[in-house]
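In: Sequence first, then the predicted structure, then my questions.
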Amino acid sequence: MAERHKSLRERIIAAALDLAASGLSPQMSGNVSARNAETILITPSGIPYTALAPDDISEIAMDGKVLAGPHAPSSEWQMHVAIYEAFPEAGGIVHAHSDFATVLAVMKREIPPFHYMVAVAGGRNIRVADYATFGTAVLARNTVAALDGRRACLLAHHGQIAFGETVEAALHLAHEVETLSAQYWRALQIGTPDLLSDEEMAVNVEKFRTYGRRP
């Protein structure tokens with residue numbers, strides 16, 4: 001295995017271990033992938049994250065054909081492939097069953113512009129993708145639709161998914177989505193929060209395009 005290839009596999013495992021350790025996606029729920037030139041490296045199905053070694057990470061073609069790895073790829077490989085095909089800027093994807101994001105997803109309640117940080121996902125809100133059975137092409141299509149102009153969305157009766165230029169960026173965004181979900185849920189316990197205007201959210205979205213980057 002080329003060193004660069006091994007390094008990317010190790011970064012996927014590190015993100016998966018973070019999901020488990022942080023509680024963002026307990027046990028073996030959720031999945032992580034990274035774009036590797038013309039192929040995808042993705043966590044395998046049904047293997048505890050703590051037991052993963054670099055060679056356990058599945059490598060698949062864009063049509064789902066397994067190119068390397070001793071295990072079946074994640075059952076959600078179609079959702080990952082669909083995102084990479086629809087968004088060329090995506091270099092890494094994290095799918096999680098985080099508690100508060102899942103609560104909102106079960107209620108089919110999008111995250112509105114109650115806080116300026118909602119813009120970190122790329123738009124004025126964080127949408128909820130229509131429900132479809134896990135691991136299906138229909139769910140993949142629904143997810144891509146909800147991600148139009150966004151980098152994260154909730155998945156009805158399921159969880160959340162986020163992508164970024166790297167695996168680490170996708171993981172960071174997934175954590176942000178969970179934090180926003182928790183804050184919004186708590187605000188709803190008091191009442192209905194005021195929302196920021198479309199104009200203000202457009203300003204915030206633009207500011208996040210260069211946030212944290214060197215001038």
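Out: Right, received. Where do you want to start?

In: quick check: longest helix of this protein.
Out: Identified as the longest helix of the chain according to DSSP state H is helix 167-190.

In: so after that one, what's the next helix or strand?
Out: Beyond helix 167-190 on the C-terminal side, the first helix or strand identified by DSSP states H and E is helix 198-210.

In: CA atoms only for that following helix, dumped as PDB, please.
Out: Extracted C-alpha coordinates of helix 198-210, given in PDB (Å, rounded to 0.1, in the frame of the first residue of the first chain):
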ATOM      1  CA  ASP A 198     -32.100  36.200   4.600                       C
ATOM      2  CA  GLU A 199     -29.900  39.300   4.000                       C
ATOM      3  CA  GLU A 200     -28.000  38.700   7.200                       C
ATOM      4  CA  MET A 201     -27.500  35.000   6.500                       C
ATOM      5  CA  ALA A 202     -26.200  35.800   3.000                       C
ATOM      6  CA  VAL A 203     -23.600  38.000   4.600                       C
ATOM      7  CA  ASN A 204     -22.700  35.200   7.000                       C
ATOM      8  CA  VAL A 205     -22.500  32.600   4.300                       C
ATOM      9  CA  GLU A 206     -20.100  34.800   2.300                       C
ATOM     10  CA  LYS A 207     -17.900  35.400   5.400                       C
ATOM     11  CA  PHE A 208     -17.600  31.600   6.000                       C
ATOM     12  CA  ARG A 209     -16.300  31.100   2.400                       C
ATOM     13  CA  THR A 210     -13.000  32.500   3.500                       C
END
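
In: List the contacts of the helix or strand of the chain with the lowest mean pLDDT.
Out: For the chain, counting by mean pLDDT, DSSP states H and E, helix 3-22 ranks last in confidence among helices and strands (a mean of 90). Residues outside helix 3-22 that contact it (CB atoms under 8 Å, 6 or more residues apart in numbering) are 1, 24-27, 30-34, 36, 41-43, 49-50, 52-55, 57, 92, 94, 96, 166-168, 170-171, 174-175. Bear in mind the C-beta positions are built from the backbone N, C-alpha and C, glycine included.

In: what does stretch 29-40 give?
Out: Contact with stretch 29-40 is made by 5, 8, 11-12, 15-16, 19, 24, 41-43, 59-62, 67, 74, 76-77, 80-81, 84, 90-97, 159, 166-167, 170-171, as judged by CB under 8 Å, 6+ apart.

In: Kindly check the end-to-end length of it for me.
Out: Taking CA to CA, to the nearest Å, stretch 29-40 runs 19 Å from one end to the other.

In: pLDDT weak spots in the protein?
Out: For the chain, the stretches with pLDDT under 70 are 1-4, 212-215.

In: so who does the residue nearest the centre of the chain touch?
Out: In the chain, the residue lying closest to the centroid (CA atoms, centre = their mean) is residue 162, at 2.3 Å. By CB under 8 Å, 6+ apart, the residues touching residue 162 are 93, 94, 121, 151, 152, 170, 171, 173, 174, 177.

In: I'd like to know which of those residues are buried.
Out: Buried subset of these (neighbour count, 16 or more other CB atoms under 10 Å): 93, 94, 121, 151, 152, 170, 171, 173, 174, 177.
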